[in-house]
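next one to model:
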Amino acid sequence: MSMKTEIKRKKLNKSAITIFSDFGIKTFRDLKVWQKAMTLVNKVHDATNYFPDSDQNPLSNQLKASCIAIPSLIAEGFRLKENDEFAEFLNQAIGHLYAVQTQIEIAVNLEYMKREWFNVLYEDCRELERLLSNMIFKLE
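Sure thing, here's the model as predicted:
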């Protein structure tokens, strides 16, 4: 039986934490989606170092804040006992992810970021979106 099928069967009676622990996931740090979100934070931080006045630039600050919110919401939601509550935190993380996608596009349009950086970050965002969406689907 696949992991996906197994999770679907088990989710009817178990909380997210119990489901994940059945597969060796003990903390939010073990979640691939959280790990990918942390990698995105690092890449965005590196990219914003090249923005004009990067420490004072409002776009840089907003982009970093939106990005930091994603793994934070995943971690915060992981501790909840109810699947629908965790799914709500993951939905909020997707909202922040969409903000990041918009902000990196603005950065390219303002010529703060090279198109190559945008392409890398955008693909990372899309992968993270797929992971979050799949996780939400499994929890609902």
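
count the residues that sit near residue 49.
Other residues near residue 49 come to 10 when the count uses other C-beta atoms under 10 Å. (Glycine included, C-beta is placed from N, CA and C.)

give me the phi and psi for it.
For residue 49, the backbone dihedrals are phi -60, psi -20 (criterion: degrees, to the nearest 10).

so where's this protein uncertain?
The chain contains residues with pLDDT under 70 at 1-23, 54.

check which residues of stretch 101-121 are buried.
Residues of stretch 101-121 classed as buried: 101, 103-104, 107-108, 112-113, 117-118, 121 (neighbour count, 16 or more other C-beta atoms under 10 Å).

that one: end-to-end distance?
8 Å (C-alpha to C-alpha, to the nearest Å).

now for the buried residues of stretch 101-121: which two are most distant?
Distances among the buried residues of stretch 101-121 were taken as C-beta to C-beta; the most separated pair is 101 and 112, at 15.2 Å.

in a markdown table, list the buried residues of stretch 101-121 along with secondary structure.
Formatted as a markdown table, the buried residues of stretch 101-121 follow (DSSP: H, G, I helix; E, B strand; the rest coil):
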| residue | secondary structure |
| --- | --- |
| 101 | helix |
| 103 | helix |
| 104 | helix |
| 107 | helix |
| 108 | helix |
| 112 | coil |
| 113 | coil |
| 117 | helix |
| 118 | helix |
| 121 | helix |
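
as JSON lines, these with distance to residue 81 would be great.
Output for the buried residues of stretch 101-121, formatted as JSON lines (distance: C-beta to C-beta, whole Å):
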{"residue": "101", "distance to residue 81": "31"}
{"residue": "103", "distance to residue 81": "33"}
{"residue": "104", "distance to residue 81": "35"}
{"residue": "107", "distance to residue 81": "39"}
{"residue": "108", "distance to residue 81": "42"}
{"residue": "112", "distance to residue 81": "42"}
{"residue": "113", "distance to residue 81": "41"}
{"residue": "117", "distance to residue 81": "40"}
{"residue": "118", "distance to residue 81": "39"}
{"residue": "121", "distance to residue 81": "34"}
